[in-house]
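**Student:** Generate coordinates for the sequence data below:
(one chain, ligands or ions: 1)
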Amino acid sequence: MLSTQTHKNYIDGKWAEPKGAKTFESRNPAHQTEVVGVFPRSSAVDVDAAVQAAKKAFRGWRLTPAPVRAEFLYKVAELIKTHKEELAQLMTREMGKVLKEARGDVQEAIDLALYAAGEGRRLFGQTTPSELPKKFAMSLRMPVGIVGIVTPWNFPMAIPMWKIAPSLVCGNTIVFKPASDTPLCAAKLVELFIEAGLPAGVLNLIHGSGEEAGNALLRHPDVQLISFTGSVAVGQEVARAAADTKKRTALELGGKNCILVMDDADLDLAVDGAIWGAFGTSGQRCTASSRLIVHKKIVKEYTEKLLARAKELRLGDGLLQTTDVGPVINSSRLKKIDEYIQIGKKEATLLTGGKINAEGPLQEGCFYEPTLFGDVKPNAVIAQEEIFGPVTAIIPVENLEEALNVANGVRYGLSSAIYTRDVNRAFHAIEDLYTGIVYINSSTIGAEVHLPFGGTRDTGNGHREAGQTMLDTYTEWKTVYIDYSGKLQKAQGID
Ligand code: UN1
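**Tutor:** Numbering: from 1, shown residues only. Prediction:
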């Protein structure tokens with residue numbers, strides 16, 4: 001058992017008591033009586049102390065050569081590798097996802113740290129001829145400054161690393177406010193950065209609520225960038241507040257991702273993809289396959305196969321080998337999911353699941369049964385809104401054209417997939433699916449760290465995490481002209 005330690009913030013290279021005395025608990029969603037840690041409910045005063053520390057450290061960090069900054073990321077990656085199993089177990093306890101997926105989450109943090117570390121010896125700019133003789137021109141990346149990182153609970157190690165690693169390699173200093181559902185995972189990650197020897201003030205950790213600590217961070221005038229992953233509603237608030245203090249924002253918001261299953265698809269493969277995409281992480285991924293858009297010719301056969309598999313899924317504590325689907329994050333999310341299911345029951349056919357499971361050992365936790373709806377209309381609430389739970393909706397369609405219209409007929413644009421054996425259909429889908437990520441014959445989840453991650457429309461605000469594109473979020477461009485002619489030369493042909 002974990003001891004219920006009382007934790008602190010980490011500011012300016014020291015574990016710091018918050019100014020106020022308020023705390024909050026992090027509990028295991030599979031056994032809600034188990035408190036995994038007690039954390040400070042920080043206020044604007046604590047946030048300000050962290051921002052001041054980040055400001056103080058900025059010059060030294062910015063002037064540290066990028067390959068040297070990258071060395072810390074290589075070390076962190078090694079440390080995470082060494083502690084991988086312990087971190088995964090802790091994650092399952094705090095957040096609920098099944099152990100093998102928790103291992104994947106930790107692995108994604110390792111992958112990103114290594115990938116970002118490699119950028120320490122790239123961070124390429126451009127050189128280009130000048131229009132004038134004896135003059136040289138180039139562009140360089142420079143850090144943005146103080147970065148506020150606000151992360152969700154669903155990928156409690158991978159998503160913080162998506163933001164921390166590129167921030168650091170690009171020369172920024174950080175105030176990190178993790179989700180209040182997964183503060184222990186965040187604290188463990190920060191501990192490893194400390195062990196790697198990161199200089200004081202470069203990475204500061206502030207625990208607390210979004211309303212108090214998060215809000216203070218996003219309104220702080222000395223923070224230049226807020227990198228946020230979470231709901232659309234909060235993302236809009238972030239953008240509004242950022243407008244007042246003229247911050248850059250990188251917003252990674254919701255999804256209503258779909259799998260298109262064509263009549264020529266390998267149906268068993270498309271069933272595998274849907275089971276993994278819809279019920280993996282209990283459907284709590286922005287990339288979850290929450291809509292299955294299925295050709296009418298095969299919808300009956302596909303539904304039967306899928307239903308049989310969905311019914312076999314075993315709900316339980318993610319630490320048990322026998323569990324396929326873990327709990328959802330907390331009781332208010334459990335209720336929210338159930339509200340959507342009640343709406344769904346009126347607008348479509350419930351095929352399996354559809355209720356909170358509070359039987360036997362499961363009564364201690366937040367368990368929702370894997371839920372499948374059939375005969376769903378494209379404009380139904382359950383086919384439009386992000387539910388963020390173990391539920392998916394089968395939407396029958398006549399042909400590819402209609403499938404693509406239905407796929408694009410939502411406010412989000414993160415991930416999509418098509419199962420077909422016809423190369424023409426596959427390319428038609430690649431061309432027309434208006435999402436940031438498209439999969440062919442593979443599910444909507446499982447993005448790799450060296451490719452851009454993000455989406456269109458309400459999913460974000462145009463940036464992409466991971467891949468080379470992450471550098472654009474965490475750097476400013478500096479254009480440099482060097483005139484070695486020894487005389488005044490005027491551009492644009494002026495004599
Ligand atoms: C998320 O759900 O916010 O592609 C991130 C995936 C994971 C990342 C998901 N690699 O499903």
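**Student:** So which bits of the stretch 251-400 of the chain are right by the ligand?
**Tutor:** 285-287 (C-beta under 6 Å from any ligand atom). For glycine as for every other residue, the C-beta is placed from the backbone atoms N, C-alpha and C.
**Student:** quick one: which of the residues you listed is most hemmed in?
**Tutor:** Using other C-beta atoms under 10 Å as the neighbour criterion, residue 286 leads those with 28 neighbours.
**Student:** sorry, back to before: return the subset of the residues of the stretch 251-400 of the chain next to the ligand lying in helices.
**Tutor:** Nothing among those maps onto helices, per DSSP state H.
**Student:** can you put the residues you listed in a markdown table and add pLDDT?
**Tutor:** Formatted as a markdown table, these follow (pLDDT from 0 to 100):
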| residue | pLDDT |
| --- | --- |
| 285 | 98 |
| 286 | 97 |
| 287 | 98 |
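**Student:** now, among these, which is nearest to residue 220?
**Tutor:** residue 286 (26.3 Å; C-beta to C-beta).
**Student:** Let me see the contact set for the closest one.
**Tutor:** Residues near residue 286 by C-beta atoms under 8 Å, 6 or more residues apart in numbering: 154, 229, 252-255, 386, 414-415, 459.
**Student:** Most neighbours among these, which one is it?
**Tutor:** residue 415 leads the contacts of residue 286 on contacts (other C-beta under 10 Å) with 31 neighbours.
**Student:** That one and residue 256 touch, don't they?
**Tutor:** No. Judged on C-beta atoms under 8 Å, residue 415 makes no contact with residue 256 at a distance of 9.7 Å.
**Student:** Tell me the one of the contacts of residue 286 nearest residue 375?
**Tutor:** Nearest to residue 375 among the contacts of residue 286, counting by C-beta to C-beta, is residue 386 at 20.8 Å.
**Student:** Next one: that closest one from residue 195, what distance?
**Tutor:** According to C-beta to C-beta, to the nearest Å, residue 386 and residue 195 sit 37 Å apart.
**Student:** same check, this time on residue 173
**Tutor:** For residue 173, the distance to residue 195 (C-beta to C-beta) stands at 19 Å.
**Student:** likewise residue 376?
**Tutor:** 49 Å.
**Student:** Which one's more surrounded, the two?
**Tutor:** More crowded of residue 376 and residue 195, by other C-beta under 10 Å: residue 376, with 22 against 13.
**Student:** Remind me which helix or strand the more buried one belongs to.
**Tutor:** Using DSSP states H and E, residue 376 sits within no helix or strand.
**Student:** Quick one: low-confidence residue ranges for this structure.
**Tutor:** Low-confidence segments of the chain, defined by pLDDT under 70: 1-3.
**Student:** Just the contacts of residue 286: which are in strands?
**Tutor:** 229, 252, 415 (DSSP state E).
**Student:** could you dump those residues to a markdown table with distance to residue 485?
**Tutor:** Shown next, in a markdown table, are the ones in strands among the contacts of residue 286 (distance: C-beta to C-beta, whole Å):
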| residue | distance to residue 485 |
| --- | --- |
| 229 | 49 |
| 252 | 47 |
| 415 | 53 |
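**Student:** Just list the residues touching the residue nearest the centre of the chain, thanks.
**Tutor:** By C-alpha atoms, centre = their mean, the chain has its centre lying nearest to residue 159, at 4.6 Å. Neighbouring residues of residue 159 by C-beta under 8 Å, 6+ apart: 151-152, 229.
**Student:** Tabulate the residues you listed (JSON lines), appending distance to residue 327.
**Tutor:** JSON lines is the format used below for the contacts of residue 159 (distance: C-beta to C-beta, whole Å):
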{"residue": "151", "distance to residue 327": "20"}
{"residue": "152", "distance to residue 327": "16"}
{"residue": "229", "distance to residue 327": "21"}
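**Student:** what's next to stretch 342-355, contact-wise?
**Tutor:** 303, 307, 310-311, 338, 341, 368-377, 380-382, 390-391, 393-394.
**Student:** got the end-to-end distance for that stretch?
**Tutor:** One end of stretch 342-355 sits 9 Å from the other (C-alpha to C-alpha, to the nearest Å).
**Student:** What are the buried residues along it?
**Tutor:** Neighbour-count burial for stretch 342-355, counted by 16 or more other C-beta atoms under 10 Å, picks out 344, 347-348, 350-354.
**Student:** same deal with stretch 87-107?
**Tutor:** Across stretch 87-107, burial judged by 16+ other C-beta under 10 Å covers 87-99, 101-107.
**Student:** same thing with stretch 423-433?
**Tutor:** 425-426, 428-429, 432-433.
**Student:** Moving C-terminal from the lengthiest helix in the chain, which element do we reach first?
**Tutor:** Using DSSP H to define each element, the chain has its longest helix at helix 99-119. Later in the chain than helix 99-119, the nearest helix or strand by DSSP H and E is strand 126-129.
**Student:** Okay, now the sheet partners of that next one, with direction.
**Tutor:** Strand 126-129 sits in its sheet next to strand 135-143 (antiparallel), going by DSSP bridges.
**Student:** Contacts for the helix or strand just after the strand it pairs with next, please.
**Tutor:** Following strand 135-143 in sequence order, the next helix or strand is strand 146-150 (DSSP H and E). The contact list for strand 146-150 (C-beta under 8 Å, 6+ apart) reads 51, 54-55, 58, 160, 163-164, 167, 172-177, 210, 214, 217-218, 220, 222-230, 238, 474.
**Student:** before we move on, what about stretch 414-432?
**Tutor:** Residues contacting stretch 414-432 (C-beta under 8 Å, 6+ apart): 254-255, 257-262, 264-266, 269-270, 273, 277, 286-287, 289, 400, 404, 407-408, 433, 435-445, 447, 454-455, 459.
**Student:** Can you say which of these are buried?
**Tutor:** By 16+ other C-beta under 10 Å, the contacts of stretch 414-432 give 254-255, 257-262, 265, 270, 273, 277, 286-287, 289, 400, 404, 407-408, 433, 435-439, 442-445, 447, 454-455, 459 as buried.
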